[in-house]
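Enquirer: Next comes the sequence, and after it the predicted model I'd like to discuss.
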Amino acid sequence: MTDKERKIEVADLISLEEIKKEHKAGEYLAIGSDGKEYEASYDPRFLADGVMFFSIPSDVKILGYLKNKNAYCNKTIPCCGCANMDICRGKVKNN
């Protein structure tokens, strides 16, 4: 079952605080108040508590996050959270 196929329950969502507490690089889906999913990446290398990168309309509120199990590693942030990008176990997308 893909992330798109499963019904999203509010109880399934991860807060940004939980992601920051784990402090591991990863790929997520930001769930917006408009019912859409937006790809997001957490990177612990920037700032003390990391940075979440995403692009959403300014009027959309983020309700929470889901792990993006279908993410492809772009070799800049290992999607599996490993520390070494050269041995990342994530799927590498070939352009």
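Expert: That came in fine, so what should we check first?
Enquirer: okay, and for this structure, where does confidence drop off?
Expert: Filtered on pLDDT under 70, the chain yields the residue ranges 1-8, 71-95.
Enquirer: what are the ranges of the helices in this structure?
Expert: Secondary structure of the chain (DSSP state H): helices located at 16-22.
Enquirer: That one: strands as residue ranges?
Expert: All strands of the chain, identified by DSSP state E, fall at 26-32, 37-43, 51-54, 62-67, 72-73, 91-92.
Enquirer: C-alpha coordinates for the first one, CSV please?
Expert: Presented in CSV, the C-alpha positions along strand 26-32 are these (Å, rounded to 0.1, in the frame of the first residue of the first chain):
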residue,chain,number,x,y,z
GLY,A,26,14.5,11.9,6.2
GLU,A,27,11.8,12.3,3.6
TYR,A,28,8.3,13.1,4.6
LEU,A,29,4.9,14.0,3.3
ALA,A,30,3.5,17.2,4.8
ILE,A,31,-0.3,16.9,5.0
GLY,A,32,-1.9,20.3,4.3
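Enquirer: tell me which strands and helices that strand is in contact with?
Expert: Applying 3 or more CB pairs under 8 Å, 6 or more residues apart in numbering; DSSP states H and E, we find strand 26-32 packed against strand 37-43, strand 51-54, strand 62-67. Placement of C-beta: from N, CA and C, glycine included.
Enquirer: one more time with 6 Å, if that's ok
Expert: In terms of contacts (3 or more CB pairs under 6 Å, 6 or more residues apart in numbering; DSSP states H and E), strand 26-32 is packed against strand 37-43, strand 62-67.
Enquirer: tally of neighbours for residue 44?
Expert: Neighbour count for residue 44, taken as other CB atoms under 10 Å: 19.
Enquirer: That one: what's it in contact with?
Expert: Shown in contact with residue 44 (CB atoms under 6 Å, 6 or more residues apart in numbering): 23, 25, 50.
Enquirer: again, 7 Å this time
Expert: By CB atoms under 7 Å, 6 or more residues apart in numbering, the contact set of residue 44 is 23-25, 50.
Enquirer: hang on, the earlier thing: out of the helices and strands packed on strand 26-32, which comes closest to residue 12?
Expert: Distance to residue 12, taken as CB to CB, is lowest for strand 62-67 among the helices and strands packed on strand 26-32, at 6.6 Å.
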